[in-house]
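A.B. asks: would you be able to build a 3D model of this:
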Amino acid sequence: MPAAMHSFYLRKMYQQNLLAKPGGITLADAPIDLSKIRTPTFILATREDHIAPWKSTYAATRLYSGPIKFVLTDAGHMAGVISPPGSKYGHWTNDNLPPSPDEWFAGATPHLGSWWPVWDEWVTQLDSGRVPAREPGGGKLTIIEDAPGSYVRVRWPA
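C.D. replies: Numbering: from 1, shown residues only. Below you'll find the predicted structure:
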């Protein structure tokens, strides 16, 4: 990321939190107003996140105008997001979005396992039709080699 962009990002987004304010940030002569977003939004937060503390990310539930699903996953920044199905980490859900994160958590239901099935159920409801997976080699391109491919075994520097 170029220095000027990095500086803009840290100052405007973190120090001043201007993205949360309608018109607080203008890009390409267009003021940004998150309240005009009516698209369904899935917000995932991680309970032990040291970069984006979950209680501060909960504030995003107040920014958008469309339907919002907020899920809190166990673990930290990376492990909580990656958390594959069958993992040791759990998650919390609450379809109500009260004003404070503490109120949300007090009414949340804990679940064992990954949050990914919750996301899959949520996104499937928005699905207008599934597209079948492509069959390798079934199109114009031929199969070069079996997955994962020889490039994953290359050591650098050679």
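
A.B. asks: residue boundaries of the strands in the chain?
C.D. replies: Listed in chain order, the strands of the chain (DSSP state E) span 26-27, 30-31, 41-46, 68-73, 91-93, 109-111.

A.B. asks: among those, which comes closest to Gly80?
C.D. replies: When the strands of the chain are compared by CB to CB, strand 41-46 sits nearest Gly80, at 3.1 Å. All C-beta spots, glycine's among them, are computed from the backbone N, C-alpha and C.

A.B. asks: thinking again about what came up before, got a markdown table for the strands of the chain, with distance to Ala79 too?
C.D. replies: Putting those into a markdown table (distance: least, CB to CB, whole Å) gives the following:
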| stretch | distance to Ala79 |
| --- | --- |
| strand 26-27 | 33 |
| strand 30-31 | 37 |
| strand 41-46 | 8 |
| strand 68-73 | 9 |
| strand 91-93 | 12 |
| strand 109-111 | 16 |
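
A.B. asks: what's the closest of these to Val123?
C.D. replies: Val123 lies closest to strand 41-46 among these, at 7.3 Å (CB to CB).

A.B. asks: returning to what we had before: adding distance to Pro117, mean neighbour count and mean pLDDT, write the strands of the chain out as TSV.
C.D. replies: Shown next, in TSV, are the strands of the chain (distance: least, CB to CB, whole Å; neighbours: other CB atoms under 10 Å; pLDDT from 0 to 100):
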stretch	distance to Pro117	mean neighbour count	mean pLDDT
strand 26-27	36	9	92
strand 30-31	37	10	96
strand 41-46	13	20	97
strand 68-73	11	22	97
strand 91-93	10	21	97
strand 109-111	9	12	97
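
A.B. asks: so which of the ones you listed gets nearest Glu121?
C.D. replies: Closest approach to Glu121 among the strands of the chain (CB to CB): strand 68-73, 9.6 Å.
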